[in-house]
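Peer 1: Please find the sequence and the predicted model below.
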Amino acid sequence: MLAPYWDDLKSSGSNLGVFAYADTANHRYIIQWKVAGGSSFTTNLNFEIIILDEDFYPTFDGNGNILFQYQTVQLN
């Protein structure tokens, strides 16, 4: 399971949602979230998970690399 945010995220509305992109030139798969807050907060969120192709980004233990990227993180 990959959980970049552990919350009920609201992704309905203009320019909001979950988007996926197969970046074959760079051997990665990108999933982006643009959401308008969640059940315990109202801040807009923009974040993504990038799954790297193991054949082009090998690791010492054979597990693939996964990057979590956040536009902004605000702690309350």
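Peer 2: That came through, no problem. Residues are numbered from 1 along each chain as shown.
Peer 1: Okay, and the beta partners of the residue most central in space within the chain?
Peer 2: The centre of the chain sits closest to residue 48, judged by CA atoms, centre = their mean, with a distance of 2.2 Å. Beta-bridge pairing for residue 48 (DSSP bridges): residue 32, residue 69.
Peer 1: give me the number of residues near residue 32?
Peer 2: Close neighbours of residue 32, defined as other CB atoms under 10 Å, add up to 16. Any C-beta I mention is one placed from the backbone N, CA and C, and that applies to glycine too.
Peer 1: pLDDT value on the residue nearest to the centre of the chain, please?
Peer 2: Here the pLDDT value assigned to residue 48 is 94.
Peer 1: Next: the one 3 residues further on.
Peer 2: pLDDT recorded at residue 51 is 96.
Peer 1: and if you look at residue 68?
Peer 2: If you check residue 68, the pLDDT there is 94.
Peer 1: pretty sure it contacts residue 51?
Peer 2: No: using CB atoms under 8 Å, residue 68 is not in contact with residue 51, being 10.7 Å away.
Peer 1: Number of residues surrounding residue 23?
Peer 2: Neighbours of residue 23 under the rule other CB under 10 Å: 12.
Peer 1: cool, the one 10 residues further on as well?
Peer 2: In terms of burial, residue 33 registers 18 neighbours under the definition other CB under 10 Å.
Peer 1: On the pLDDT front, check it for me.
Peer 2: Looking at residue 33, the pLDDT reads 88.
Peer 1: more neighbours, residue 68 and residue 51?
Peer 2: Between residue 68 and residue 51, counting by other CB under 10 Å, residue 51 is the more crowded of the two (16 against 12).
Peer 1: contacting residues around stretch 54-67?
Peer 2: 2, 27-28, 49-53 (CB atoms under 8 Å, 6 or more residues apart in numbering).
Peer 1: and with 6 Å instead?
Peer 2: Residues outside stretch 54-67 that contact it (CB atoms under 6 Å, 6 or more residues apart in numbering): 27, 50-52.
Peer 1: Please apply the same query to stretch 18-36.
Peer 2: Stretch 18-36 is contacted by residues 9-11, 13, 16, 44-53, 56 when judged by CB under 6 Å, 6+ apart.
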